[in-house]
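Colleague: give me a model of this one.
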Amino acid sequence: MSVLGLSELEERLYRHFLRNPGTTADNVHPRLDAPLPEVESALERLSALAVLAEGADGRYLPAPPELVVDSLTDIRLRELHDEMRAVTQARHLITSFRSEQDRAPAAAPVVEKIDNLDTIRSKIDALAFFAREEILSAEPYTALTPENIQHARPLDLRCIRRGVRIRSVVLRAALDDPLTVGYLHELASLGAEIRVVDELSARILVYDRRTALTPVDPADSSRGALLAQEAGLVANFVALFEKIWAGGVELAAFSAEPDADRLPSVEQCVLEAMCQGTKDEIGARDLGVSVRTYRRYVANILQILEAASRPQAALLARERGWI
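Modeller: Presented below is the predicted three-dimensional model:
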């Protein structure tokens with residue numbers, strides 16, 4: 001009888017009193033395996049619908065099935081009529097919805113020009129942070145500063161730990177800088193794929209093959225960048241990257257041995273943090289490594305410098321011109 005608006009419990013109660021007319025509701029809920037409050041609520045509704053009639057002595061008499069079905073049918077038809085009338089009169093909502101649509105912001109451009117360098121850096125950080133599958137990069141730099149590496153390392157390591165595939169193309173000239181080549185080999189040892197080319201004029205960053213970033217003027221990155229999200233444009237950037245990638249040589253083909261007169265890039269950063277009195281916890285966080293790993297770097301620096309303490313290591317490093 002759900003089509004007529006009765007719940008399963010209400011129907012079971014009506015059937016019960018059809019079988020047991022003139023009985024009370026005592027002990028009904030155990031027999032129907034239903035909670036007492038639900039049974040009491042159902043009895044009140046059945047009485048209100050005239051499906052059951054409660055006498056002064058608490059006994060219930062069921063109304064004849066013909067009357068119950070006809071009465072419930074009339075009630076349900078009136079409800080359906082009211083619903084149909086409300087539905088047919090709903091076109092007035094169009095005006096209201098249109099007004100909301102008119103207030104909606106304009107769709108974001110598929111190619112956005114970004115002039116501010118700080119905004120570009122923030123956008124790059126955000127795209128790297130939220131990347132899920134792959135980051136492609138072709139960047140014609142010849143050296144990375146310690147600040148560049150310190151800023152990039154936490155994001156790069158986070159991506160690698162999360163299983164994001166990183167493929168980068170760099171200039172052969174970048175390998176002449178000990179700090180840069182050390183960092184590139186560090187990334188490669190953790191799973192990043194890096195190839196080297198002799199010439200590279202394009203500067204491309206592609207995230208998850210959905211978003212591409214490139215300078216407005218490849219010869220002058222200070223003029224701003226273009227952020228593309230249109231599928232066709234991004235596909236062309238990916239195709240260009242793949243062509244550059246195919247002509248590159250694996251970084252592993254180049255020696256990973258650091259300059260005998262310098263520390264590896266990671267340990268150089270640790271040394272500089274030591275000399276500044278940075279706490280191990282903060283230094284480890286900046287490098288994106290555990291405190292245990294950070295302290296292992298410290299111990300290795302002490303061993304290389306043959307220093308008995310961190311202050312002595314700082315003095316010996318200054319004497320060598322490492323800081």
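
Colleague: so after the helix or strand residue 138 falls within, what's the next helix or strand?
Modeller: Assigned by DSSP states H and E, residue 138 falls within strand 134-139. Proceeding N to C from strand 134-139, the next assigned helix or strand is helix 146-161, under DSSP H and E.

Colleague: so what secondary structure elements neighbour that next one?
Modeller: On a contact count with 3 or more CB pairs under 8 Å, 6 or more residues apart in numbering; DSSP states H and E, helix 146-161 meets helix 117-130, strand 165-171, helix 178-190, helix 265-275, helix 280-287. Where you see a C-beta, it was placed from the backbone N, CA and C, and this is true even at glycine.

Colleague: looking at those, which is nearest to residue 294?
Modeller: helix 280-287 (3.8 Å; CB to CB).

Colleague: what comes up buried for the very next helix or strand once past that closest one?
Modeller: Downstream of helix 280-287, the first helix or strand assigned by DSSP H and E is helix 291-305. By neighbour count on 16 or more other CB atoms under 10 Å, the buried set for helix 291-305 is 294, 297-298, 301-302, 304-305.

Colleague: ditto for stretch 51-62
Modeller: By 16+ other CB under 10 Å, the buried positions in stretch 51-62 come out as 51-52, 60, 62.

Colleague: about what we covered before: who are the packing partners of the strand holding residue 138?
Modeller: By 3+ CB pairs under 8 Å, 6+ apart, strand 134-139 packs against strand 165-171, strand 204-207, helix 231-246.

Colleague: now do that strand and helix 146-161, the angle between them.
Modeller: Orientation check (axes from the mean of the first three to the mean of the last three CA atoms, to 10 degrees): strand 134-139 against helix 146-161 gives 150 degrees.

Colleague: now do strand 134-139: everything it contacts.
Modeller: The contact list for strand 134-139, computed with CB atoms under 8 Å, 6 or more residues apart in numbering, reads 128, 159, 164-170, 200, 202-209, 238, 241, 244-245.

Colleague: that one - what's its average pLDDT?
Modeller: For strand 134-139, mean pLDDT is 95.

Colleague: again with stretch 84-91
Modeller: Averaging pLDDT along stretch 84-91 yields 75.

Colleague: cool, and stretch 225-245?
Modeller: Taken as a whole, stretch 225-245 has an average pLDDT of 93.

Colleague: just the CA trace of it, in CSV.
Modeller: Extracted C-alpha coordinates of stretch 225-245, given in CSV (Å, rounded to 0.1, in the frame of the first residue of the first chain):
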residue,chain,number,x,y,z
ALA,A,225,54.5,33.9,-19.1
LEU,A,226,51.6,32.3,-20.9
LEU,A,227,49.5,29.7,-19.1
ALA,A,228,47.7,27.4,-21.5
GLN,A,229,45.0,24.9,-20.6
GLU,A,230,43.4,24.4,-24.1
ALA,A,231,43.8,20.8,-25.0
GLY,A,232,45.1,21.4,-28.5
LEU,A,233,47.8,23.9,-27.4
VAL,A,234,48.9,21.7,-24.5
ALA,A,235,49.2,18.7,-26.9
ASN,A,236,51.5,20.8,-29.1
PHE,A,237,53.7,21.7,-26.2
VAL,A,238,53.9,18.0,-25.2
ALA,A,239,54.8,17.0,-28.8
LEU,A,240,57.6,19.7,-28.8
PHE,A,241,58.9,18.4,-25.5
GLU,A,242,58.9,14.8,-26.7
LYS,A,243,61.0,15.9,-29.8
ILE,A,244,63.5,17.6,-27.5
TRP,A,245,63.5,14.6,-25.2
